[in-house]
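Student: Generate a structure from the sequence data that follows.
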Amino acid sequence: MVKLDRESGYRRLTGKWAVAIAFLGVALGLFHLYTAATLPLPAQMQRATQLAIALGMIFLLYPARRGDIKGRVPWYDVLLAILGLAAGFYPVVFYEDLVARAGLVTTLDLTVAAVGTLLVLEATRRVAGWPMVLVALGFLAYALWGNLLPGLFRHRGYSLARLLEHTYLGLEGIFGIPLGVSATVIFVYLLFAQFLEKTGIRQFFVDIAMALTGQSPGGPAKVAVVSSALEGTISGSSIANTAGSGSFTIPMMKRLGYRPEFAAAVEASASTGGQLMPPIMGAAAFVMVEFLNIPYIEIAKAAAIPALLYFTGVFLMVHLEALRSGLTGLPRDQLPRLKDVVLKQGYLVIPLVVIFWLMDAGFSPARAAVYGMALAWVFGLLRPATRMGIRAILRTLEEAARSALGVIAACATAGIIVGVVTLTGIGLKLSNNLLDLAGQNLWVALFFTMIASLVLGMGLPTTATYIVLATMAAPALEKLGVAPIAAHLFVFYFGIVADITPPVALASYAGAAIAGANPMKTGVESVKLALGAFLVPYIFAVSPSLVLVGATPLKILLILLTATTGMAALGAAVTGHLSTSLRALERLALAVGGILLVDPGLMTDLAGAAVVVGVFAVQFLRARRQPRPA
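Tutor: Below you'll find the model as predicted:
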């Protein structure tokens, strides 16, 4: 984790520094709990408070040089932490004064804005790395010197004072929408996930997966898929999911006989898909609420069928690979009984169900999460091992604050990018350029957007990738007739699967490290397994009924049936096995038939079904003619 995930490369502090971090983390957690349970402060005060405490924690926790994680804090990091707290709280302390003289900035205002912007960039570099910082610096340079550029990208130019005011002293830059969502919703759900972890829900998910699939062919690999899909309902980190679940499932798969690369790829692709799984998706999904101006519950509902298809595709390919390789499951006596698991621990999922019900009833996501946390704490009291006293609650608040630092830094820096886009109008220019480059062709525009999402996603956190492309690429897709929610989910999906797409596939690398496998080969295997994530977004972009746009209950049921069959056909085409080994022409036919079945529509479904049934019939007859092994 320390090697592959920058957010895990923090100092192991003890003594007074550990106390300082605990104090700041608990303060940040209590602040968000209070404002979520009551009402948030005015936007700038709410966001600035979160940023101030986060900057203080980052400079104490994260060293200037990666890997220097000894438990000491140099004097200059202490100074930066103090400056971060001061610059962050400046808009809070002088809030009324700043509002009263909006547009009239002082020298002190500009000095604080310059220091605050530099501190945000440095904090982001420490937590998320150089790529995102370089993108933000490129946008700042464009704002300052874009008047020197020729042609379409030229603008009238902005002074440093105007840029600093726009970036730090208003609600268009650092304190814009991304940090606003982080301060009001994302942190609360990270805290909710921590509370659920303390109740033992992760082990419950693993036990459920073991009971359901452990005995079937390739059981341990299916356990990885099912448990990761379930864990994805509460967690949004691809690398953390891979490392957490993979330390258990990958060795088990290798013992069963799976190749190291395949075992690592199963866990990486399944864990990456966790960000797609409702009810609690990745942090970018909450940012999407602000861009689309619709309730979060609508986004979760729209993402449900594509997420189901993603995991169905991975699960079926694992199953077919097991059949092809002759791999068996685990003995029944080594597995938990489903009835016992549900009766003893089934109550742990009630907070998740309640959150979904409350959001559907009209509660805000933050308020619903507070009720979910309270329920999780109550249910934790039922077992001695999961009871949380005051000290455990305070520790949970600190852990949530630590887990949120990367998201806060990424959202603040993404705000710089969005701020420059709104200041210069480059978003509209890039959107129009994308349309011109694609020749007004939807499929070409979708392909270019996919490539941009994958490339940005290799260097930027998922949330930042989504924000950049939602600002510049999604509007172009909407102009070509793509439904708004489909356009934003398209960008969201490809920003996520960048974590398993070579050459920079951090989730695949994490799985490869555990399996002792070749990282690049693991990335290739992950892409094969996650084929649904590369196909399904194209389908719902052109046929939005897959994301419930204009779909009736009967149509949704039909879509689920045909699309799942289509994913099974695609899985068989990729693995090369059905009843027996598939010939080249059969694999091609299944691939075509599978794509036709995934695409909603009567004619495509009938054509796809005819092709797939034909191949199934040929396979059945060939399997009957083959002699059975002794």
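
Student: following the longest helix along the chain, which helix or strand shows up next?
Tutor: The longest helix of the chain (DSSP state H) is helix 390-424. Next along the chain after helix 390-424, taking DSSP states H and E as the criterion, comes helix 426-437.

Student: what distance separates that next one from the centre of its chain?
Tutor: Here helix 426-437 is found 26 Å from its chain centre; the criterion is C-alpha atoms, centre = their mean, to the nearest Å.

Student: Just want the angle from that helix to helix 390-424.
Tutor: 70 degrees (axes from the mean of the first three to the mean of the last three C-alpha atoms, to 10 degrees).

Student: in helix 426-437, what's buried?
Tutor: 426-427, 429-431, 434-435 (16 or more other C-beta atoms under 10 Å). C-beta: built from backbone N, CA, C; applies to glycine.

Student: all helices of the stretch 401-550 of the chain, in order?
Tutor: 426-437, 442-459, 462-472, 474-479, 484-497, 506-515, 519-529, 531-542 (DSSP state H, counting those that start in this stretch).

Student: So which of those is nearest Val612?
Tutor: helix 531-542 (15.4 Å; C-beta to C-beta).

Student: check contacts around Gly608.
Tutor: 562, 566, 569, 592-599 (C-beta atoms under 8 Å, 6 or more residues apart in numbering).

Student: Ok, Gly457 next?
Tutor: 465, 494-499, 501.

Student: Format those residues as TSV; extra columns: neighbour count.
Tutor: Converted to TSV, those look like this (neighbours: other C-beta atoms under 10 Å):
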residue	neighbour count
Thr465	29
Phe494	26
Gly495	29
Ile496	29
Val497	29
Ala498	24
Asp499	29
Thr501	25
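
Student: Turn the buried residues of helix 426-437 into TSV, columns for distance to Ala483 and pLDDT.
Tutor: What follows is the buried residues of helix 426-437, written out as TSV (distance: C-beta to C-beta, whole Å; pLDDT from 0 to 100):
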residue	distance to Ala483	pLDDT
Ile426	25	86
Gly427	20	82
Lys429	24	82
Leu430	21	81
Ser431	17	81
Leu434	18	80
Leu435	17	81
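
Student: now, among the residues you listed, which is nearest to Ala410?
Tutor: Gly427 (19.0 Å).

Student: what's around the residue lying closest to that closest one once chain neighbours are set aside, how many residues?
Tutor: Nearest-residue entry for Gly427: Val421, 4.2 Å, with adjacent residues in sequence omitted and distances by C-beta to C-beta, 6 or more residues apart in numbering. The tally of other residues near Val421 (other C-beta atoms under 10 Å) stands at 22.

Student: if we can go back for a sec, I'd like to know which of the contacts of Gly608 are part of helices.
Tutor: 562, 566, 569, 592-598.

Student: Touching, Leu405 and Leu60? I think so.
Tutor: No - counting by C-beta atoms under 8 Å, Leu60 is not a contact partner of Leu405; they are 10.6 Å apart.

Student: So which bits of the one helix or strand Ala610 maps to are buried?
Tutor: Using DSSP H and E, Ala610 sits within helix 602-625. Judged by neighbour count (16+ other C-beta under 10 Å), helix 602-625 contains these buried residues: 604-605, 607-609, 611-612, 615-616, 618-619, 622.

Student: Report the residue ranges of every domain in the chain.
Tutor: 6-179, 552-630 (automatic domain parsing).

Student: Lowest mean pLDDT across those, which one is that?
Tutor: Lowest mean pLDDT within the domains of the chain: domain 552-630, at a mean of 83.

Student: Distance from it to the middle of the chain?
Tutor: 30 Å.

Student: mind starting the numbering at 15 from now?
Tutor: In the new count, where the first residue is 15, that last one comes out as domain 566-644.

Student: Asp111: what secondary structure?
Tutor: helix (DSSP: H, G, I helix; E, B strand; the rest coil).

Student: oh, I was asking about Arg381
Tutor: Per three-state DSSP, Arg381 ends up helix.
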